[in-house]
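below: sequence and its predicted model.
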Amino acid sequence: MESDITAQGNQDINFPPPNRPYRYSPLPDGFIRLLRVMPDRDSNAPIRCRIFEYPLQGWTQATHLYEALSYVWGSPDNPKVIEVQPEDHSLSAAAAHNLLVTENLHTALSNLRDGFLERIIWIDAICINQADDDEKGQQIQLMAKIYASANRVVVWLGEAADDSDQALAALRTAAQKQHDRSAIEKPDRRRFQQPVLNLLKRPWFERIWVLQEVAAAQQILIKCGHSEIDGYAFCVGLTVFDLSYDESPELQGLIPPITYLIQGATFRRGQQIKQHNSGFSLGIRPLCELVDMYHGRQSTVRLDKFYALLGMSSDSPVNFMANYQIPWKDIFQVYIQSCFSNQMSVVTWNELNVAVIRGKALVLAYVGSVERDVTHGDLQRLEFRWRDEVWKSGEKWDSTSYVKKHSLAISAKPVQEGDILCLLQGATTPTIVRRLDSCMAVIVLAASLPFLSSTGNWPECFRSCSSGRVRPAECALVWDLDASHRDPSVSEYGRFLSGLGDVEQQPQTNTDRAITLWNLAAFTHGMGKYRTATGLLRQAVRLYSQEQKSMDLGSTPLPLASTANEVLTALDCFVGARLDSRRSWLRWAARTGNELVTKLLLEAGADTEGGEDDIAHTPLFYAVCHGHSGVVRLLLQHGAAFGGGRLASLLMRLVFNSIWNEAVVRELVGWNPDVTNEALSIVTGHNLEGVAKLLLDRSADIEAVGSRGCPLLARAVQWAGSLS
C-alpha cells in the first residue's frame, strides 16, 4: 500500500469529481474490498472493474485467491478514469460509475489486465474509502493481514525506461547462472551495472509503506513495464552482481534491507500471522527498532513514519494506534516519551520533523568500528569500547575485556566510528549519538543491545552509576527524522539550537548557550575527550563573560555551582590547567587546594583513587601534603578509601617529609573507620591534643604499647587533658 495517499485521503489529492462518481458503502467489521479487473484484449480499452466486499477474517486458510498491489501512488496531476460496474450482473452497463485514479495506477492496471480472465486485486487507493478517516484507520490495522493473506504480492515499479528491460533480464540471467553454479562473466556485470542501479533508484524503493507489503508477502512478482521477475530471483541476481554503491551511496541503506525482506517471502508460504490487541502484526522487530531502521524512507504523510511500521512490530505500544486525527507533534512526542518513561523532556513541532530531547545521559562507550553483516541484510556489527567505570559498575561481569562486538539492526542514519553509546534516564535500551558543534545528534534512538552481564538491566545500570562515582550528564539531543543517509549538518543543528528559543517563544541568552556548552563538555569528557571538553569549556567561559556584563552576578548559575563568579572561576581553572584527563584535573585541584573545582570533579564522577595503588600518587595525598583540609574532607566524603594500614603509611610520609597539619590529620583520623595502633602511635608521638581527643571515641586497643613502652591510649588521654 503506497499509503501516503491512503492516509491523506482527499486532503492532498484533489481530483475533479467525475461524472456519476462511485460511492462507497460502509464496510462490515473484518471485511475488505477487492477489485475485479475485467479482461480485455485491447490494451487501449478503458479499465472496467467491479468492487465487492470480502470477509478476510474467520477463514482457516493461510492464503486467499487474490493479489495485492505494491506501488507508488505517483503524481496527482493528469488523473485517469476507471469504470466501476455494478456487482449485480443483471444491471446494465449504464449503471456503471466512474472513479479517478493517478496516472501511475492506471498504467499499472493496464499492464496487469488479462486478455481473457478476470484478475482479483487489492489496491489501497480503490479498496479503501479515501474520504473516510475512520475506515482508513481501521483498514490500516488490517494491512499486514491483507498482504500476508494474498496469494501473491505484485510490485509495480513503473513503465519501462532507462534500459529497465535489460536490467531485469540481466538479473534473471545472473540468478539462473548462480542456480546452475556457473560464473557470470565480468563484462556482463560491468555492462548492466548502470541499468540495474537506475532500476534501484526508482521511487518504489524509497517508500516506507512498501516495507510492510513485501515483509508480509508469501510470494512476490516484480513488474516494470511488460517485463517481470520473481522476487527471489531478483534478490539472487543482485547478490551475484555484487553492486558497488560508491557512486550512489544513498542506495547502501535502502536496498539491502528491502531485498532481505523480499527474499524471505519464499520461507513465509503458509505461515500464520500474529495478532495483537491493536491488530495483526508480522512480529518482525519492536517498533522502536523499526523506526530507527526505516524513518528515513519517504512518506507524504509524516504520521506514516510510525503507522506504516505498526504491522511489522513485535510489540504493541500502549495508546499507539493509527489515528490520522492526532497532530504530528503529539504523536512524535508520545512515541519518544514511550521509549524513556516520561523521564526525558521532549519538545516537538507540527511544522518540523525534528525533536529536542533534554535530560540526563550516562556515557557508556564509543563505537570503535562498524561492519555490515554480509549474512543478514538488516544487521550490522559494531565494536564498542566501554568506559571502564561503567564496565566495573556491575556486580559480576561476564568478561574482563572492555571491547565487545554486538550485532545491531541497520539504522536509517549510518553509525560511524567514534559515535557515542549512552543511556538516557528512564530508557530500557541505550542510544547512539554523535557529537556535533554545539549539540548531540541522535543516530539510533533505541539501540537494542543486551546488558553486559547475565543479571541486571540497563535501568539498574543507570541507577547504580548515578549513585556512584560515574555521574550522568545533562544533555540536549536533536533527533532529525529527515537526516538519514547523509551526515547530520553541524551548522544546520547549531543554527537550529541557536534559534530554538524563538521556536519556544523564549529568547536564548549567552547563559543558555554557555549551559549547553557546559553540559556538552561534561558529556564529551565522559568519553575521555579531554582536549575537546576543554575547548568547549573555553567557549562557555567566553559566553558567560559576555553575559556577566549585562546581569547581576550570581543571578543565573551554571550547573553544579552557586554563583556566576564561582562558575567563571571554576571554568577558568579547568581551562587554565591544560590537563588531559579527569584524574589529572583532580590531582591538580587537590594540590592547589581549589575546593570548588574538586567538588565539581567529584560530582562529575572523578576517581578519588586516581587509578593508583600507591597512596603517594592519589589526590588525597596531594591534598594532605599541601595542607588543604577542606579538599581532604571533600575527598573523604566522596569515597577516598584507605584502611588503617594506609593511614599509617600516609602519616609516616608526613613525618618523614616534615609536613604536619593538625587540621588535615584531624580530618584523616576523624574519617578513618579503623585507627590502627601504628597510626595511633604516630599521632600521639606528635603531641596533637585535638587529635588525641578524637582517639578517645575510637576502638583502639587500650592496652597497646608504643615504641617507648608507654600505653598509647593512656598517653593520648594524658595529652588530651582528661579521661572524660
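Ah, there it is. Numbers count the residues shown, from 1 in each chain.

quick one: end-to-end distance for stretch 65-81.
One end of stretch 65-81 to the other measures 26 Å (C-alpha to C-alpha, to the nearest Å).

I misspoke; the intended subject was stretch 221-229.
6 Å.

what does it rub up against?
The contact list for stretch 221-229, computed with C-beta atoms under 8 Å, 6 or more residues apart in numbering, reads 108, 111-112, 152-161, 164-165, 168-169, 171-172, 199, 202, 230-231, 234, 237. In this view, the C-beta of every residue, glycine as well, is placed from N, C-alpha and C.

filter these to the buried ones?
Listed as buried from those are 108, 111-112, 152-158, 160, 164-165, 168-169, 171-172, 199, 230-231, 234, 237; burial here means 16 or more other C-beta atoms under 10 Å.

cross the contacts of stretch 221-229 against strands and list the overlap.
152, 153, 154, 155, 156, 230 (DSSP state E).

and these, which is closest to residue 38?
Among the ones in strands among the contacts of stretch 221-229, residue 154 lies closest to residue 38 (C-beta to C-beta), at 17.5 Å.

give me the phi and psi for residue 295.
The phi/psi pair for residue 295 (degrees, to the nearest 10) reads phi -70, psi -20.

three-state assignment of residue 369?
strand (DSSP: H, G, I helix; E, B strand; the rest coil).

which non-adjacent residue is nearest residue 252?
Distances taken as C-beta to C-beta, 6 or more residues apart in numbering place residue 245 nearest to residue 252, at 4.4 Å, with adjacent residues excluded.

before we move on, the earlier item: now tabulate the ones in strands among the contacts of stretch 221-229 in TSV and tack on distance to residue 477 and pLDDT.
Formatted as TSV, the ones in strands among the contacts of stretch 221-229 follow (distance: C-beta to C-beta, whole Å; pLDDT from 0 to 100):
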residue	distance to residue 477	pLDDT
152	44	96
153	38	98
154	42	98
155	37	98
156	40	98
230	44	97
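
wait, which of the residues you listed is closest to residue 366?
The nearest member of the ones in strands among the contacts of stretch 221-229 to residue 366, counting by C-beta to C-beta, is residue 155 at 40.3 Å.

give the bridge partners for the closest one, please.
When bridges are taken as DSSP bridges, the partners of residue 155 come out as residue 70, residue 222.

same check on residue 37?
residue 49, residue 119.

now for residue 96: which residues touch it?
20, 48, 83, 84, 85, 86.

was I right about residue 339 contacting residue 427?
Yes: shown here, residue 339 and residue 427 form a contact pair, counting by C-beta atoms under 8 Å, at 6.2 Å.

okay, these two: which has more neighbours?
A side-by-side neighbour count of residue 339 and residue 427, using other C-beta atoms under 10 Å, places residue 427 first with 24 against 21.

hmm, that one is touching residue 449, no?
No: using C-beta under 8 Å, residue 427 is not in contact with residue 449; the gap is 11.5 Å.

rewinding a little: shouldn't the residue nearest to residue 252 be within a strand?
No: under three-state DSSP, residue 245 sits outside any strand and is assigned coil.
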